[in-house]
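1. Provided below are the primary sequence and the corresponding predicted coordinates.
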Amino acid sequence: MQDLIHKIQSGLQHPLPGVTAHNKMAHAARRAKFDVPDNARQASVLALLYPKLEEWHIVFIERTSRNPNDQHKGQISFPGGSYDVSDPDFKFTALREANEEIGVDPNDIQILGELTDLYIPVSNFNVNPFVGLMNYRPSFIPQESEVASILEIPFQTFLNPNIRQKTNIKITPQITMKDVPYFNIDNKILWGATAMMMSELIEVIQLV
């Protein structure tokens, strides 16, 4: 089991694949490079690995929200959220948000490194993704106002090329995005920024 963690740790020390990896799971309209505007809001997410049933798993949340303007409601994502002015750095934001959203203890999380930040034009967030490790399976406590469900996915699942598929996704009643790349995990659609960040994490282990 430690081989995967070694590959992630080592890969994160190399120059990251960044946009090249992102674009493999990006919709055609999203593949252009977007400059981060000065008024972009900062956020952090945590890609958290932990052992379960003798293999490494990674946790995602299915988002809920009472905010009707939430552009990411119902999507599958890493736990995370907005940077707060009281946060000392983006890493702290990722750990704080993971604690709030899924109840994990920040003191038990080892940060292995950071992936390439990713700007999301639709919500004007610049997301800073961190990769973390726990040496035990946590007892998740979902934040009811933010988390509809928690998904525990074996990391090995993402190494199967057959889960990379395409579909049409209705964004609004008037707008449907066609041929959107996504990961099919337990018949749920993991797409968008999270899929792009996950694509980079997968490529990181191939750098070693």
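-> Happy to help now that I have it. Numbers count the residues shown, from 1 in each chain.
2. for the residue sitting furthest away from the middle of the chain, phi and psi?
-> Distance from the C-alpha centroid of the chain peaks at Gln174, with 27.4 Å (CA atoms, centre = their mean). Dihedral angles of Gln174 (phi, psi; degrees, to the nearest 10) stand at phi -100, psi -20.
3. what pairs with Ala47 across the strands?
-> Val131 (DSSP bridges).
4. can you tell me which residues contact it?
-> Counting by CB atoms under 8 Å, 6 or more residues apart in numbering, Ala47 touches 58, 78, 115, 129-132, 197-198, 201. Yep, even glycine has a C-beta here, placed from its N, CA and C like the rest.
5. do that again at 6 Å, thanks
-> By CB atoms under 6 Å, 6 or more residues apart in numbering, the contact list for Ala47 reads 78, 131, 201.
6. Which per-residue confidence value corresponds to it?
-> Confidence at Ala47, expressed as pLDDT, is 98.
7. again, but for the one 5 residues further on
-> What the model reports for Lys52 is a pLDDT of 97.
8. Make 32 the starting number, not 1.
-> Got it, the first residue is 32 from now on, which makes the last one we talked about Lys83.
9. so who does it touch?
-> Counting by CB under 6 Å, 6+ apart, Lys83 has contacts Arg168.
10. if we go to 10 Å?
-> Contact analysis of Lys83 by CB atoms under 10 Å, 6 or more residues apart in numbering lists 90, 167-169, 183-185.
11. just the residues you listed now: which is nearest Glu132?
-> Nearest to Glu132 among these, counting by CB to CB, is Val90 at 10.1 Å.
12. so how far is Asn54 from Ser75?
-> Computed with CB to CB, to the nearest Å, the distance linking Ser75 and Asn54 is 22 Å.
13. higher neighbour count, those two?
-> Ser75 (29 against 18; other CB atoms under 10 Å).
14. Show me how far the host helix or strand of that one is from its chain's centre.
-> Applying DSSP states H and E as the criterion places Ser75 in strand 72-83. In terms of CA atoms, centre = their mean, to the nearest Å, the centre of strand 72-83 is found 6 Å from the chain centre.
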